[in-house]
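> No sequence on hand, only this structure:
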Ligand SMILES: NC(=O)NC(NC(N)=O)C(=O)[O-]
């Protein structure tokens, strides 16, 4: 089941939660090694479409079925750890070590290390439920090559147990370097439901020929959502994920606006005349001139928007700073230029756009949907400037 839980930003939540999850399975994240996966596999850490669940009656031949990574009660020296390859390498701004439903068996402490292993031989290691010693030595052989590369992101820190009011263990991260791999250490053993790695992808744009068309807002190319008016059912960052969306949970979906007129009217183009709209602002991975737009409302069948419009502008990092204090908080009103006039939006649409209207490269876009609804994907094809 898709995550239909309301995405509600409450004031005591950290700002970094707005960024992309660079490690989740839908972004291509992968656990490449775990010291022990007796009760539950470490790959569960990266699930994103399913929030952690607890099924009281579910048991496996290994013990109680748990939705997370859970190791044995350790009876030998050492601690448990796993290596995660990020789906999208980038700059990490925060972590959520989520212990949901691990109460009498949560990991009491954890630490996180990071590395940039772009140039490394592929790490293709396998843990299993019984033969950890062999896998450990296999890993150590490779890890030795890189032992100097691992930096501490989070020191050994006590975790809170997985009750609904304590399960999120948030860690703001201030680490300016690009990360490709994380090592999650549990001290000494136990369970963690999910690891969310919030950040922004970083691509080597210098290696890309300028004439190449690229989806400039894609998660893998460094696109990021900076703010939105509403994300009740799904966060706008989902629109820039890989491929077509998996289901309705893998898209931006707002609540129904309450200011919809009681009797709806349309204009000459069939567009609803409504006072309200919803918006999401995204920063491109690199400024560029956009020539093609894709707006896909896949899976949103009874709840696609009536219309959508795209505006764009160019902001320097300093200018962006004026509008983003933690989150997108004010708006460069008069800087927006219309890139796509209001269009009906009810399936997968491709639009050519007028590069002249951009009068040069743009760095930010605002998708405006009216009155409300869901969009599964937004693609903005263009070229970076010469
Ligand atoms: N009831 C349990 O969860 N027990 C054990 N864990 C699992 N998954 O069976 C444990 O104590 O670690």
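Cool, got the structure. Note that the structure is predicted; figures quoted are calculated from it, not measured.
> and the helix or strand containing residue 157, average pLDDT?
Using DSSP states H and E, residue 157 maps to strand 151-158. Averaging pLDDT along strand 151-158 gives 97.
> swap in stretch 281-291?
On average, stretch 281-291 scores 95.
> Please apply the same query to stretch 201-208.
On average, stretch 201-208 scores 88.
> Next up, phi/psi of residue 323, please.
Note on residue 323: backbone dihedrals following degrees, to the nearest 10 are phi -100, psi -10.
> Give the closest residue to it in space, chain neighbours not counted.
residue 330 (5.2 Å; C-beta to C-beta, 6 or more residues apart in numbering). Heads up, the C-betas are built off the backbone N, CA and C, glycines and all.
> and that neighbour, what element?
Under the criterion DSSP H and E, no helix or strand holds residue 330.
> where does the stretch 51-200 of the chain come near the ligand, residue by residue?
By C-beta under 6 Å from any ligand atom, the part of the stretch 51-200 of the chain that sits against the ligand consists of 63, 64, 66, 70, 73, 105.
> Make TSV out of the residues you listed and add secondary structure.
Output for these, formatted as TSV (DSSP: H, G, I helix; E, B strand; the rest coil):
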residue	secondary structure
63	strand
64	strand
66	coil
70	strand
73	coil
105	coil
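> May I ask which of those has the most neighbours?
residue 70 (29 neighbours; other C-beta atoms under 10 Å).
> Can you name the residues that contact it?
For residue 70, the contacting residues are 37, 38, 39, 40, 102, 105, 190, 191, 192, by C-beta atoms under 8 Å, 6 or more residues apart in numbering.
> Equivalent analysis for residue 110, please.
Neighbouring residues of residue 110 by C-beta under 8 Å, 6+ apart: 97, 154, 156, 157, 159, 169, 184, 185, 186, 187, 192.
> Check the residues you listed for burial and list the buried ones.
Neighbour-count burial (16 or more other C-beta atoms under 10 Å) applied to the contacts of residue 110 gives 97, 154, 159, 169, 184, 185, 186, 187, 192.
> Help me confirm that residue 211 is found in a strand?
No. Judged by three-state DSSP, residue 211 forms no part of a strand; its state is coil.
> and the residue nearest to it when sequence neighbours are not counted, backbone torsions?
Of all residues not flanking residue 211 in the chain, residue 383 sits nearest, at 6.3 Å (C-beta to C-beta, 6+ apart). Dihedral pair for residue 383: phi -120, psi 150, per degrees, to the nearest 10.
> okay but residue 383 is in contact with residue 212, surely?
Yes. Residue 383 is within contact range of residue 212, at 6.8 Å (criterion: C-beta atoms under 8 Å).
> Which one of those two is surrounded by more residues?
Shown here are residue 383 and residue 212; by other C-beta under 10 Å, residue 383 has more neighbours (20 against 8).
> From the ligand, how far off is the residue nearest to residue 323?
Remark: distance between residue 330 and the ligand (C-beta to the nearest ligand atom, to the nearest Å) = 48 Å.
> ok, residue 177 - contacts?
91, 114, 116, 151.
> cutoff 6 Å now
Applying C-beta atoms under 6 Å, 6 or more residues apart in numbering to residue 177 gives no contacts.
> got a pLDDT number for it?
So, for residue 177, pLDDT stands at 95.
> tell me the SS of it?
Residue 177 - assigned by three-state DSSP - is coil.
> Apart from its chain neighbours, what residue comes closest to residue 210?
Looking at residue 210 with C-beta to C-beta, 6+ apart, the closest residue is residue 386, at 5.3 Å.
> that older thread, of the contacts of residue 70, buried ones?
For those, buried by 16+ other C-beta under 10 Å: 37, 38, 39, 40, 102, 105, 190, 191, 192.
> confidence score at whatever residue of the chain ends up closest to the ligand?
Closest residue of the chain to the ligand, C-beta to the nearest ligand atom: residue 63 (2.9 Å). For residue 63, the model assigns a pLDDT of 97.
> residues touching the nearest residue to it once chain neighbours are set aside, list them.
Nearest residue to residue 63 in three dimensions, chain neighbours excluded: residue 39, at 5.1 Å (C-beta to C-beta, 6+ apart). By C-beta under 6 Å, 6+ apart, residue 39 lies in contact with 62, 63, 66, 70.
> Now do the contacts for the third one.
Applying C-beta under 6 Å, 6+ apart, we find residue 66 in contact with 39, 40, 191.
> Phi and psi next, for it.
Per degrees, to the nearest 10, the backbone of residue 66 is at phi -130, psi 150.
> gap between it and residue 296?
From residue 66 over to residue 296 the distance is 35 Å, taken as C-beta to C-beta, to the nearest Å.
> just residue 175 next, same as before
Residue 175 is 34 Å from residue 296, where distance means C-beta to C-beta.
> more neighbours, those two?
Neighbours were tallied for residue 175 and for residue 296 using other C-beta under 10 Å; the higher tally belongs to residue 296 (21 against 15).
> Quick one: residues contacting that one.
Contacts of residue 296 by C-beta under 6 Å, 6+ apart are 348, 376, 377.
> Okay, and the beta partners of it?
For residue 296, the beta-bridge partners are residue 348, residue 377 (DSSP bridges).
> what distance separates the strand or helix carrying residue 112 from the centre of its chain?
Using DSSP H and E, residue 112 sits in strand 109-115. Distance of strand 109-115 from its chain centroid, counting by C-alpha atoms, centre = their mean, to the nearest Å, is 19 Å.
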